[in-house]
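Fold the following for me, if possible:
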Amino acid sequence: MPIRRSTERCVNTTGRNAHAVGLMEGQRRTPVVRIRSWALPQRNRGGAGHVLRGMIRTHRTVEALVIRTALPAEAADVAELHGRARATYYPDGLPDDGTDWPAVWRDAIARPATRVLCAVRATRLVGIASFRTAEGAPADSVRLFQFHVAPDHWRSGIGAQLHADCVEQWRADGKRTATLEVHVDNQREQAFYARQGWGPDPEQPPGGDDHHLSLTYDVHGE
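Residues are numbered from 1 along each chain as shown. Have a look, this model is predicted:
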């Protein structure tokens, strides 16, 4: 559950419109700060001085994954990760429609009705998620507008953990259903959402010319 605002910056060094990141006026939100630690699986631990087969012999510390509310000053870093992630499913290059994405993200982070979470490891931004209740939608619903993990951190568990924290926040906010859209050609992302429990939205079946699929999620798993 939300507990306090962190003053830590996501990154100290690091690029569709306002609706796409979930902008809307509303009630003041409570920031989120969560810390996830990564430990060696129990099966790889032996006695004192004992190294099991397949175990790394040198000591290694894995940085904790911090998931927290993004800060307006981090908008450029969020936009840069957003751009890199989107570029992976545009074979002809990311289209440039002139949108000032840092400004869009800065407004999204500052708006009370929108939550923007960021995943940080070793001071580096490695994941982002943006969601809110869509205009005209039931109050107990939430729309996941943006969800991205840095491409060089795919298949590291960050996406699953960031998604779990989104679900935890939705439950705390009293949400029952969540929806999102995924590009029809993005098979990797579709597979990820399927593993998290998302399925086709029966109220939004795909049309012949649609470029996106609508998915839905039961927040309480009923």
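
buried residues in the helix ranked longest in the chain?
The helix that spans the most residues within the chain, counting by DSSP state H, is helix 158-172. Under the neighbour-count criterion of 16 or more other CB atoms under 10 Å, helix 158-172 has Ile158, Gly159, Gln161, Leu162, His163, Asp165, Cys166, Val167, Glu168, Gln169, Trp170 buried. Where you see a C-beta, it was placed from the backbone N, CA and C, and this is true even at glycine.

quick one: which of those is nearest to Ala191?
Gly159 (11.2 Å; CB to CB).

So in terms of bridging, what pairs with the residue most central in space within the chain?
Nearest to the geometric centre of the chain sits Ala129, at 3.0 Å (CA atoms, centre = their mean). Note on Ala129: beta-bridge partners Leu117, Phe147, judged by DSSP bridges.

show me what contacts it?
Val116, Leu117, Cys118, Leu144, Gln146, Phe147, His148, Leu162, His163, Asp165, Cys166 (CB atoms under 8 Å, 6 or more residues apart in numbering).

Could you do Gly221 as well?
If you count contacts by CB under 8 Å, 6+ apart, Gly221 has them with Gly197.

Distance check, it against Leu162.
18 Å (CB to CB, to the nearest Å).

Check the offset of stretch 87-99 from the chain's centre.
20 Å (CA atoms, centre = their mean, to the nearest Å).

Could you pull up the mean pLDDT of it?
The average pLDDT for stretch 87-99 rounds to 80.

CA atoms of it as PDB?
The C-alpha trace of stretch 87-99 is given here as PDB (Å, rounded to 0.1, in the frame of the first residue of the first chain):
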ATOM      1  CA  ALA A  87      10.900   1.400 -30.900                       C
ATOM      2  CA  THR A  88      11.300  -2.400 -30.500                       C
ATOM      3  CA  TYR A  89       7.900  -3.100 -32.100                       C
ATOM      4  CA  TYR A  90       8.200  -0.700 -35.000                       C
ATOM      5  CA  PRO A  91      10.400  -2.500 -37.600                       C
ATOM      6  CA  ASP A  92      10.500   0.700 -39.800                       C
ATOM      7  CA  GLY A  93      11.500   2.900 -36.900                       C
ATOM      8  CA  LEU A  94       9.500   4.800 -34.300                       C
ATOM      9  CA  PRO A  95       7.200   7.200 -36.000                       C
ATOM     10  CA  ASP A  96       7.800  10.900 -35.100                       C
ATOM     11  CA  ASP A  97       4.500  12.800 -34.800                       C
ATOM     12  CA  GLY A  98       6.100  15.800 -33.100                       C
ATOM     13  CA  THR A  99       4.900  14.900 -29.600                       C
END
